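> only geometry, no sequence info:
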Ligand code: SAH
Ligand code: SF4
């Protein structure tokens with residue numbers, strides 16, 4: 001397999017080009033880097049001399065991620081199946097809002113966290129994505145919808161597709177640096193959200209990186225008893241440890257924390273609202289309430305959804321506790337909206 005040129009930062013690319021050809025003008029790497037962010041092929045890099053283009057072609061992949069399929073939902077949400085260089089596939093979603101376009105991307109092929117409600121985790125982890133592959137997901141869609149580096153159509157990024165971003169820590173941090181650098185797509189770190197199932201030690205490490213991103217926690221329960229029934233990761237990092245890390249992140253970054261909370265019959269009782277208030281004391285935060293999307297595990301009794309009335313009462317209880325909460329609009333439910341569903345249905349077809 002050829003190497004992925006999008007894995008390189010501008011400084012690394014400069015060094016790489018210098019080893020390839022003698023007497024490389026200094027601006028050459030900047031030109032190539034700029035083209036890479038337009039997501040064009042080496043042949044389309046018209047101001048790059050042919051001998052360099054040939055060398056690049058010989059050693060590198062110019063488009064590490066290719067859009068294999070696009071599904072467009074009635075509500076305008078677009079779902080993508082991305083083909084990676086080794087034949088693996090991951091998925092992404094483009095959501096169009098009034099304020100801009102948000103892309104949700106994958107960070108791993110599969111996932112080893114095994115959450116009971118999630119389609120991605122069923123077959124475990126296949127491999128990590130490289131930073132350049134994550135960049136390729138964003139760049140390929142930006143290109144596909146008519147954007148360039150200079151005139152980008154994507155404004156926000158959420159790391160909420162297949163995989164656990166903090167289980168692929170170094171590549172994810174590098175991706176965030178690449179996508180936000182001023183010579184690249186220059187997406188503000190404030191417009192990037194990272195969602196994690198709660199790897200507490202990595203959350204602390206992330207706090208020390210000094211990135212401006214929003215941390216989103218897939219909480220889904222108000223105590224360890226309930227959480228360990230649906231999230232295996234709670235055994236390694238129980239809530240006490242998780243919240244210690246979240247508080248550290250909040251104090252360090254002063255960024256509001258977002259909690260994802262799938263509404264189930266077992267986690268939407270009035271006591272849950274009380275416990276959530278207690279858990280999040282001292283943290284500025286917001287709850288995204290998510291209806292459970294269907295998964296192959298739906299017969300599991302712990303995944304029973306609440307009644308409409310119970311759901312409404314839970315929202316009232318959260319308000320009563322002074323917690324900020326909204327129910328997430330389910331975008332693209334007609335096109336396998338939830339994480340991992342589309343990829344899984346494709347794997348089954350094979
Ligand atoms: N691994 C990270 C990010 C990817 S999962 C994490 O767990 O946060 C993205 C989000 O989708 C998480 O909040 C996850 O809990 C949620 N999710 C997974 N399966 C779901 C389902 N069947 N219904 C609703 N949300 C689901
Ligand atoms: Fe992995 Fe997130 Fe799915 Fe859990 S919810 S299995 S952490 S992708």
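Sure thing, it's come through. If you're wondering where the values come from, they're calculated on a predicted model, not measured in any experiment. Ligands and ions are numbered 1, 2, ... in the order given.
> Could you list the low-pLDDT ranges of this structure?
Regions of the chain meeting the criterion pLDDT under 70 cover residues 296-298, 329-350.
> Spell out which residues of it are next to ligand 1.
The chain has residues 117-118, 160, 164, 195-197, 218, 260, 262, 290, 292-293, 295, 338-339 near ligand 1, with proximity defined as CB under 6 Å from any ligand atom. C-beta: built from backbone N, CA, C; applies to glycine.
> Let's see which of these end up in strands.
195, 196, 218, 260, 262, 290 (DSSP state E).
> Which residue comes closest to the second one once chain neighbours are left out?
Counting by CB to CB, 6 or more residues apart in numbering, residue 196 lies nearest to residue 166, which is 4.8 Å off, once chain neighbours are set aside.
> burial of that neighbour, as a residue count?
Counted with other CB atoms under 10 Å, the neighbours of residue 166 add up to 24.
> which residues touch it?
With contact taken as CB atoms under 8 Å, 6 or more residues apart in numbering, residue 166 is in contact with 172, 194, 196, 199, 202, 203, 206.
> Could you list everything the residue minimising distance to the centre of the chain pairs with in the sheet?
For the chain, residue 159 is the residue whose C-alpha lies nearest the centre (CA atoms, centre = their mean; 1.2 Å). According to DSSP bridges, the partner residues bridging residue 159 are residue 105, residue 194.
> For it, which residues are in contact?
Contacts of residue 159 by CB under 8 Å, 6+ apart are 104, 105, 107, 134, 165, 172, 192, 193, 194, 195.
> Can you report how many residues lie near the closest residue to residue 287 other than its chain neighbours?
Leaving aside its sequence neighbours, residue 287 sits nearest to residue 325 (CB to CB, 6+ apart; 3.9 Å). Residue 325: 19 surrounding residues under other CB under 10 Å.
> which phi and psi does residue 20 have?
phi -80, psi -40 (degrees, to the nearest 10).
> can you give me the strands for the stretch 51-200 of the chain?
60-61, 65-72, 78-84, 89-97, 100-105, 108-110, 125-128, 156-159, 192-196 (DSSP state E, counting those that start in this stretch).
> which strands and helices sit next to the fourth one?
It refers to strand 89-97. strand 78-84, strand 100-105, strand 108-110, helix 131-144, helix 341-349 (3 or more CB pairs under 8 Å, 6 or more residues apart in numbering; DSSP states H and E).
> quick one: buried residues of that strand?
89, 90, 91, 92, 93, 94, 95 (16 or more other CB atoms under 10 Å).
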